[in-house]
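Student: Give the three-dimensional model of this entry:
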Amino acid sequence: MQRSFELAACAEMLWRDKPMLWRVKRLTEMGFQVGLWNWPDHDLALLERSGARFSIMNGYLRGRLADDEGAAELLRTARETAQVGKRLGVARLNLHGTGLGADGLPVTPCDVVTGPMWIKARDTLARIADLAEQQEVCFTLENLNRSVDHPGVPFARAADTLALVSAVNHPRLRLNLDLYHAQIGEGNLIDLCRRCLPWIGEVQVADVPGRQEPGSGEINYAGVARALHALGYRGPVALEAYASGEPEAALQAFQRAFTVQGAGVAGV
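Tutor: Model prediction:
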(Lines give C-alpha, C1' and ligand atoms only; values in the text may rest on other atoms or scores of the structure.)
Protein backbone atom coordinates (compact mmCIF):
# COMPACT_ATOMS: atom_id res chain seq x y z
CA MET A 1 0.00 0.00 0.00
CA GLN A 2 1.31 3.43 -0.90
CA ARG A 3 0.01 6.74 0.33
CA SER A 4 0.32 8.84 -2.77
CA PHE A 5 -1.05 12.16 -1.56
CA GLU A 6 -0.58 14.60 1.30
CA LEU A 7 -3.70 13.94 3.37
CA ALA A 8 -5.41 16.67 5.39
CA ALA A 9 -8.75 17.12 7.13
CA CYS A 10 -10.90 20.10 8.08
CA ALA A 11 -10.83 20.42 11.87
CA GLU A 12 -13.97 22.58 11.86
CA MET A 13 -16.18 19.66 10.77
CA LEU A 14 -14.95 16.84 13.02
CA TRP A 15 -15.30 16.27 16.80
CA ARG A 16 -17.52 19.34 16.97
CA ASP A 17 -18.02 18.85 20.72
CA LYS A 18 -14.26 19.17 21.36
CA PRO A 19 -12.12 22.33 21.67
CA MET A 20 -10.32 23.31 18.49
CA LEU A 21 -6.87 22.73 19.97
CA TRP A 22 -7.86 19.15 20.87
CA ARG A 23 -9.06 18.52 17.30
CA VAL A 24 -5.91 19.96 15.77
CA LYS A 25 -3.68 17.86 17.98
CA ARG A 26 -5.69 14.69 17.33
CA LEU A 27 -5.48 15.14 13.57
CA THR A 28 -1.74 15.71 13.90
CA GLU A 29 -1.36 12.55 16.00
CA MET A 30 -3.19 10.61 13.29
CA GLY A 31 -0.81 11.91 10.62
CA PHE A 32 -3.08 14.44 8.91
CA GLN A 33 -2.45 18.05 8.01
CA VAL A 34 -5.12 20.42 9.29
CA GLY A 35 -7.61 22.64 7.50
CA LEU A 36 -9.24 25.65 9.15
CA TRP A 37 -11.93 28.13 8.21
CA ASN A 38 -11.93 31.67 9.69
CA TRP A 39 -8.87 32.49 11.74
CA PRO A 40 -10.49 35.18 13.98
CA ASP A 41 -12.56 32.35 15.54
CA HIS A 42 -9.45 30.73 17.06
CA ASP A 43 -6.69 31.36 19.59
CA LEU A 44 -3.73 31.86 17.26
CA ALA A 45 -1.15 31.51 20.02
CA LEU A 46 -2.45 28.05 20.89
CA LEU A 47 -2.59 26.97 17.26
CA GLU A 48 0.92 28.28 16.70
CA ARG A 49 2.22 26.03 19.49
CA SER A 50 0.15 22.99 18.49
CA GLY A 51 2.78 21.40 16.28
CA ALA A 52 0.26 21.03 13.45
CA ARG A 53 0.90 21.48 9.76
CA PHE A 54 -1.89 23.64 8.40
CA SER A 55 -2.90 22.81 4.85
CA ILE A 56 -5.42 25.58 4.20
CA MET A 57 -7.58 28.29 5.80
CA ASN A 58 -9.82 31.06 4.55
CA GLY A 59 -7.63 33.68 2.93
CA TYR A 60 -9.82 36.74 3.49
CA LEU A 61 -12.41 38.06 5.91
CA ARG A 62 -14.65 40.11 3.62
CA GLY A 63 -14.81 41.20 0.01
CA ARG A 64 -15.84 40.30 -3.52
CA LEU A 65 -14.10 39.65 -6.81
CA ALA A 66 -16.20 41.56 -9.30
CA ASP A 67 -16.69 45.19 -8.14
CA ASP A 68 -14.34 47.95 -7.06
CA GLU A 69 -15.51 48.28 -3.45
CA GLY A 70 -15.58 44.52 -2.89
CA ALA A 71 -12.18 44.01 -4.52
CA ALA A 72 -10.59 46.68 -2.31
CA GLU A 73 -11.99 45.00 0.81
CA LEU A 74 -10.89 41.57 -0.42
CA LEU A 75 -7.34 42.80 -1.00
CA ARG A 76 -7.22 44.54 2.37
CA THR A 77 -8.40 41.55 4.37
CA ALA A 78 -6.34 39.13 2.28
CA ARG A 79 -3.22 41.12 3.13
CA GLU A 80 -4.09 40.91 6.83
CA THR A 81 -4.80 37.19 6.54
CA ALA A 82 -1.54 36.55 4.73
CA GLN A 83 0.32 37.68 7.84
CA VAL A 84 -1.67 35.25 9.97
CA GLY A 85 -1.08 32.49 7.47
CA LYS A 86 2.66 33.06 7.57
CA ARG A 87 2.59 33.04 11.36
CA LEU A 88 0.89 29.64 11.40
CA GLY A 89 2.74 28.28 8.39
CA VAL A 90 -0.48 27.73 6.43
CA ALA A 91 0.29 26.37 2.97
CA ARG A 92 -2.71 27.82 1.12
CA LEU A 93 -5.12 30.70 1.72
CA ASN A 94 -8.56 30.12 0.27
CA LEU A 95 -10.86 32.48 -1.66
CA HIS A 96 -14.44 32.32 -2.99
CA GLY A 97 -16.34 34.19 -5.66
CA THR A 98 -17.82 36.44 -2.98
CA GLY A 99 -17.76 36.74 0.79
CA LEU A 100 -19.80 34.12 2.63
CA GLY A 101 -21.94 34.83 5.67
CA ALA A 102 -24.09 32.71 7.96
CA ASP A 103 -24.64 29.12 6.78
CA GLY A 104 -22.35 29.69 3.80
CA LEU A 105 -24.74 32.06 2.08
CA PRO A 106 -23.20 34.86 -0.01
CA VAL A 107 -23.15 38.29 1.60
CA THR A 108 -23.94 39.71 -1.84
CA PRO A 109 -25.91 37.16 -3.89
CA CYS A 110 -25.55 37.27 -7.66
CA ASP A 111 -27.56 35.25 -10.14
CA VAL A 112 -26.26 36.78 -13.39
CA VAL A 113 -22.54 37.33 -14.00
CA THR A 114 -21.88 39.84 -16.76
CA GLY A 115 -18.88 40.18 -19.05
CA PRO A 116 -17.49 43.20 -17.16
CA MET A 117 -17.78 41.22 -13.91
CA TRP A 118 -15.64 38.44 -15.40
CA ILE A 119 -13.00 40.97 -16.41
CA LYS A 120 -13.05 42.62 -12.98
CA ALA A 121 -12.80 39.23 -11.24
CA ARG A 122 -9.78 38.28 -13.34
CA ASP A 123 -8.11 41.62 -12.60
CA THR A 124 -8.81 41.26 -8.86
CA LEU A 125 -7.25 37.80 -8.84
CA ALA A 126 -4.22 39.15 -10.71
CA ARG A 127 -3.81 41.67 -7.88
CA ILE A 128 -4.20 38.82 -5.38
CA ALA A 129 -1.41 36.96 -7.19
CA ASP A 130 0.81 40.04 -6.95
CA LEU A 131 0.04 40.25 -3.22
CA ALA A 132 0.88 36.56 -2.83
CA GLU A 133 4.21 37.14 -4.55
CA GLN A 134 5.01 40.05 -2.24
CA GLN A 135 4.00 38.12 0.89
CA GLU A 136 5.47 34.78 -0.27
CA VAL A 137 2.17 32.92 0.24
CA CYS A 138 -0.20 30.98 -2.02
CA PHE A 139 -3.90 31.69 -2.56
CA THR A 140 -6.46 29.25 -3.93
CA LEU A 141 -9.87 29.86 -5.49
CA GLU A 142 -12.53 27.31 -4.51
CA ASN A 143 -15.48 26.14 -6.57
CA LEU A 144 -18.79 25.82 -4.71
CA ASN A 145 -22.23 24.42 -5.50
CA ARG A 146 -25.21 26.75 -5.86
CA SER A 147 -28.07 24.27 -5.64
CA VAL A 148 -27.53 22.82 -2.12
CA ASP A 149 -25.04 24.79 -0.01
CA HIS A 150 -24.24 28.16 -1.56
CA PRO A 151 -27.08 29.59 -3.68
CA GLY A 152 -26.28 32.93 -5.23
CA VAL A 153 -22.47 32.63 -5.24
CA PRO A 154 -20.94 33.96 -8.48
CA PHE A 155 -18.08 32.14 -10.24
CA ALA A 156 -19.14 29.01 -8.35
CA ARG A 157 -18.60 26.17 -10.83
CA ALA A 158 -15.23 24.49 -11.20
CA ALA A 159 -15.39 25.55 -14.87
CA ASP A 160 -15.60 29.17 -13.64
CA THR A 161 -12.74 28.95 -11.16
CA LEU A 162 -10.61 27.14 -13.75
CA ALA A 163 -11.27 29.86 -16.32
CA LEU A 164 -10.26 32.60 -13.89
CA VAL A 165 -7.18 30.94 -12.41
CA SER A 166 -5.87 29.78 -15.78
CA ALA A 167 -6.39 33.29 -17.18
CA VAL A 168 -4.21 34.77 -14.42
CA ASN A 169 -1.82 31.78 -14.71
CA HIS A 170 0.38 32.66 -11.72
CA PRO A 171 2.15 30.02 -9.59
CA ARG A 172 0.90 31.64 -6.38
CA LEU A 173 -2.77 31.47 -7.44
CA ARG A 174 -4.08 27.92 -7.65
CA LEU A 175 -7.36 26.02 -7.64
CA ASN A 176 -8.92 24.54 -4.54
CA LEU A 177 -10.76 21.86 -6.48
CA ASP A 178 -13.63 20.74 -4.27
CA LEU A 179 -15.02 17.50 -5.69
CA TYR A 180 -18.05 17.46 -3.39
CA HIS A 181 -19.23 20.77 -4.81
CA ALA A 182 -18.26 19.72 -8.35
CA GLN A 183 -20.25 16.48 -8.15
CA ILE A 184 -23.38 18.43 -7.24
CA GLY A 185 -22.82 21.18 -9.79
CA GLU A 186 -21.09 19.49 -12.71
CA GLY A 187 -20.15 15.81 -12.26
CA ASN A 188 -17.65 14.06 -14.57
CA LEU A 189 -15.03 14.32 -11.82
CA ILE A 190 -12.15 12.43 -13.41
CA ASP A 191 -12.25 14.51 -16.57
CA LEU A 192 -12.56 17.63 -14.41
CA CYS A 193 -9.41 16.65 -12.50
CA ARG A 194 -7.62 16.15 -15.80
CA ARG A 195 -8.63 19.59 -17.10
CA CYS A 196 -7.76 21.33 -13.85
CA LEU A 197 -4.52 19.47 -13.16
CA PRO A 198 -1.99 22.17 -14.18
CA TRP A 199 -3.57 24.66 -11.76
CA ILE A 200 -4.56 22.49 -8.76
CA GLY A 201 -3.23 23.63 -5.39
CA GLU A 202 -5.42 21.33 -3.28
CA VAL A 203 -8.19 18.81 -3.83
CA GLN A 204 -11.02 18.68 -1.26
CA VAL A 205 -13.43 15.79 -0.91
CA ALA A 206 -16.70 14.72 0.69
CA ASP A 207 -19.31 12.28 -0.53
CA VAL A 208 -22.69 13.09 -2.06
CA PRO A 209 -25.34 13.32 -0.72
CA GLY A 210 -24.76 14.34 2.88
CA ARG A 211 -21.25 15.83 2.71
CA GLN A 212 -19.75 12.96 4.69
CA GLU A 213 -16.65 10.78 4.30
CA PRO A 214 -15.85 8.71 1.18
CA GLY A 215 -17.91 5.56 1.04
CA SER A 216 -21.01 7.14 2.55
CA GLY A 217 -22.53 8.19 -0.77
CA GLU A 218 -22.37 7.86 -4.54
CA ILE A 219 -18.84 8.96 -5.49
CA ASN A 220 -16.25 6.30 -6.32
CA TYR A 221 -13.41 8.08 -4.57
CA ALA A 222 -11.05 5.11 -4.88
CA GLY A 223 -11.44 5.48 -8.64
CA VAL A 224 -10.84 9.23 -8.41
CA ALA A 225 -7.70 8.56 -6.35
CA ARG A 226 -6.36 6.12 -8.97
CA ALA A 227 -7.07 8.67 -11.68
CA LEU A 228 -5.29 11.47 -9.82
CA HIS A 229 -2.31 9.20 -9.22
CA ALA A 230 -2.21 8.17 -12.89
CA LEU A 231 -2.30 11.84 -13.89
CA GLY A 232 0.78 12.44 -11.75
CA TYR A 233 -0.87 14.42 -8.96
CA ARG A 234 0.92 14.00 -5.63
CA GLY A 235 -0.30 17.10 -3.79
CA PRO A 236 -2.71 17.63 -0.90
CA VAL A 237 -6.10 15.94 -0.71
CA ALA A 238 -8.26 17.17 2.16
CA LEU A 239 -11.36 15.74 3.77
CA GLU A 240 -13.80 18.63 4.17
CA ALA A 241 -16.69 16.55 5.45
CA TYR A 242 -18.81 15.65 8.42
CA ALA A 243 -18.51 12.17 9.89
CA SER A 244 -21.41 9.76 9.38
CA GLY A 245 -20.41 8.10 12.68
CA GLU A 246 -17.19 8.30 14.69
CA PRO A 247 -14.74 10.86 13.27
CA GLU A 248 -11.81 8.47 13.52
CA ALA A 249 -13.68 5.90 11.43
CA ALA A 250 -14.48 8.61 8.88
CA LEU A 251 -10.81 9.57 8.68
CA GLN A 252 -9.83 5.93 8.21
CA ALA A 253 -12.35 5.59 5.36
CA PHE A 254 -10.88 8.72 3.75
CA GLN A 255 -7.36 7.37 4.15
CA ARG A 256 -8.31 4.03 2.58
CA ALA A 257 -9.93 5.72 -0.40
CA PHE A 258 -6.83 7.81 -1.08
CA THR A 259 -4.20 5.14 -0.50
CA VAL A 260 -3.29 3.80 -3.92
CA GLN A 261 -2.11 0.21 -4.13
CA GLY A 262 1.31 0.05 -5.72
CA ALA A 263 3.22 2.66 -7.68
CA GLY A 264 2.72 3.43 -11.32
CA VAL A 265 -1.01 2.84 -11.40
CA ALA A 266 -2.36 2.46 -14.92
CA GLY A 267 -4.91 4.80 -16.43
CA VAL A 268 -8.49 4.56 -15.31
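
Student: Check which helices and strands the host helix or strand of residue 162 sits against.
Tutor: Residue 162 belongs to helix 158-168 when assigned by DSSP states H and E. Helices and strands in packing contact with helix 158-168 are listed as helix 115-135, strand 139-142, strand 173-178, helix 179-185, helix 189-196; criterion 3 or more CB pairs under 8 Å, 6 or more residues apart in numbering; DSSP states H and E. Every C-beta, even on glycine, is put in place using the N, C-alpha and C of the backbone.

Student: could you redo the last one with a cut-off of 10 Å?
Tutor: Counting contacts by 3 or more CB pairs under 10 Å, 6 or more residues apart in numbering; DSSP states H and E, helix 158-168 is packed against helix 115-135, strand 139-142, strand 173-178, helix 179-185, helix 189-196, strand 200-205.

Student: and the angle for that helix with strand 173-178?
Tutor: Angle, helix 158-168 to strand 173-178, by axes from the mean of the first three to the mean of the last three CA atoms, to 10 degrees: 170 degrees.

Student: List the buried residues in helix 158-168.
Tutor: Within helix 158-168, the residues that qualify as buried are 158-162, 164-165, 168, counting by 16 or more other CB atoms under 10 Å.

Student: One more: stretch 50-61?
Tutor: By neighbour count on 16+ other CB under 10 Å, the buried set for stretch 50-61 is 50, 52-61.

Student: among those, which are in helices?
Tutor: Judged by DSSP state H, helices contain none of those.

Student: With pLDDT as extra columns, can I get those in JSON lines?
Tutor: Putting the buried residues of stretch 50-61 into JSON lines (pLDDT from 0 to 100) gives the following:
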{"residue": "50", "pLDDT": "97"}
{"residue": "52", "pLDDT": "98"}
{"residue": "53", "pLDDT": "98"}
{"residue": "54", "pLDDT": "98"}
{"residue": "55", "pLDDT": "98"}
{"residue": "56", "pLDDT": "98"}
{"residue": "57", "pLDDT": "98"}
{"residue": "58", "pLDDT": "98"}
{"residue": "59", "pLDDT": "98"}
{"residue": "60", "pLDDT": "98"}
{"residue": "61", "pLDDT": "97"}
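
Student: List just the nearest of the buried residues of helix 158-168 to residue 247.
Tutor: Comparing the buried residues of helix 158-168 against residue 247 with CB to CB places residue 158 closest, at 27.3 Å.

Student: Now for the chain, the helix or strand with the poorest mean pLDDT.
Tutor: Taking mean pLDDT, DSSP states H and E as the measure, the helix or strand of the chain with the lowest value is strand 2-3, at a mean of 58.

Student: Which strands or helices does the helix or strand just after that one pack on?
Tutor: On the C-terminal side of strand 2-3, the closest following helix or strand by DSSP H and E is strand 6-10. Contacts of strand 6-10 with other secondary structure elements, assessed using 3+ CB pairs under 10 Å, 6+ apart, are made with helix 20-29, strand 33-35, strand 54-58, strand 200-205, strand 236-239, helix 247-257.

Student: give me that answer again for 8 Å
Tutor: On the basis of 3+ CB pairs under 8 Å, 6+ apart, strand 6-10 makes packing contacts with strand 33-35, strand 54-58, strand 236-239, helix 247-257.

Student: can you put the ones you listed in CSV and add distance to residue 181?
Tutor: Compiled in CSV, the helices and strands packed on strand 6-10 are given as follows (distance: least, CB to CB, whole Å):
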stretch, distance to residue 181
strand 33-35, 15
strand 54-58, 15
strand 236-239, 13
helix 247-257, 17
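
Student: low-confidence ranges in the stretch 51-200 of the chain?
Tutor: Low-confidence segments of the stretch 51-200 of the chain, defined by pLDDT under 70, are absent; every residue clears the threshold.
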